[in-house]
Each structure stands twice: as C-alpha cells, then as structure tokens.
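1. my questions concern the predicted model and sequence given below.
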Amino acid sequence: MVSTERDSRPVNQETSPAPQLPCVRERFFRRERRSVPDARAFARSALTAWDVRGRTDDVLLCVSELATNALLHGVPPGRGFLLRLLAYGDDGGVLRVEVHDSGGGVPAVPEPRDGCPGEGGRGLLLVAELADKWGVGERHPGKIVWCEFATPPP
C-alpha cells in the first residue's frame, strides 16, 4: 500500500505553537479494502500520540464509517481518499475527523420508510449519533465529510 503522511507536530517546546492552534495528521489511502482498517489504525496512532482518551471508540467507529462511505460512494477507480485528523482548542479539547474524496453527491442520513431504516445509510446515522457535529464541505473535485468530538483534556 502506498500512503503519504504529514505530521505538523512541533519539533520542540521552544517552538511550540499556542495550544489553540491545531495539531494535524493526515494520510492518503488508495481505493482498496484494507484502507478502512489501515485508516482506523492510523487514527488510533494519532489519538494515542495526542493522549486523547475519552471518546476513542466513537472516533474510531466514525473513521471506519466515513472511510467506508468514501470507498463505496466517493472514490472513483484509480483514486483514493485523504483522512485528516485535527486536535485543536485549549488542551486539544476538540478532535475533528475529515475524509476528503473526489466523488460527487452530498451524503445525508436517510429518512426511515414506514418506520424502519433501510438497508443502507446506517453509517452516517452512526456518525450523526456519535459525533457532536458533522457535515459536508466543498472540495474540487469532490467533497469533505467531517465530524467533531469534544474530548476531555489529557
């Protein structure tokens, strides 16, 4: 698997930015089945490095769902998706997950029909329930699907 990662963590304490500036980690994943568990492992590594504790399972589940949706609906053959994780706020109190893909359309939580949820669309339903906020942003080509979590300070 070919992956690219950028880590913008400060080199030392003397050059550290103010706590409200985000820490960012991102990696590109190819259109392959193993990209979903690889994205989850990448996210777990970032959360451990940033000492994020309180919402780890929720974050990892949302990473899995957003990565799966990108692969199923947003990544044309020969392309991939970018997973970006940002920790920002005082003491890194907010964690943002972004999945960038080049597919069209705007994801939405489907409305249940006849009181029953359909076969598809449960991934975004989980994201909507677990995350504090979620949404879709523009990207050319494609879109950014994101979610945010308030996290307790380390």
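-> Yep, it's here. Residues are numbered from 1 along each chain as shown.
2. list the buried residues in stretch 133-149.
-> Residues of stretch 133-149 classed as buried under the neighbour-count rule (16 or more other CB atoms under 10 Å) are 134, 142-143, 145-149. Bear in mind the C-beta positions are built from the backbone N, C-alpha and C, glycine included.
3. with stretch 27-37 instead?
-> In stretch 27-37, the ones that count as buried by 16+ other CB under 10 Å are 27-31, 35-36.
4. okay if I get those residues as CSV plus distance to Gly89?
-> Formatted as CSV, the entries for the buried residues of stretch 27-37 read as follows, by distance: CB to CB, whole Å:
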residue, distance to Gly89
Arg27, 23
Phe28, 26
Phe29, 27
Arg30, 32
Arg31, 33
Ser35, 29
Val36, 28
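5. let's see which of those residues end up in strands.
-> Where those overlap with strands, as defined by DSSP state E, the overlap consists of 27-30.
6. what's the closest of those residues to Ala108?
-> Phe29 (23.4 Å; CB to CB).
7. returning to that earlier point: closest one of the ones in strands among the buried residues of stretch 27-37 to Thr56?
-> Set against Thr56, the nearest of these by CB to CB is Arg27 (18.0 Å).
8. what about Gly105, how many residues nearby?
-> Neighbouring residues of Gly105 were enumerated by other CB atoms under 10 Å; the total is 10.
9. which residues touch it?
-> Taking CB atoms under 8 Å, 6 or more residues apart in numbering as the criterion, Gly105 is in contact with 73-74, 143.
10. ok, these vs Gly80, which is closest?
-> When the contacts of Gly105 are compared for distance to Gly80 (CB to CB), Gly74 comes out closest, at 10.2 Å.
11. surely that closest one is in contact with Pro141?
-> No. Using CB atoms under 8 Å as the test, Gly74 is too far from Pro141 to be in contact (10.1 Å).
12. need the residues touching each of the two.
-> Common neighbours of Gly74 and Pro141, counting by CB under 8 Å, 6+ apart, are Ser102.
13. distance-wise, check the residue positioned nearest the centre of the chain relative to Pro77.
-> With the centre of the chain defined as its mean C-alpha position, the nearest residue by CA atoms, centre = their mean is Val97, 3.0 Å away. With distances defined as CB to CB, to the nearest Å, the gap from Val97 to Pro77 amounts to 25 Å.
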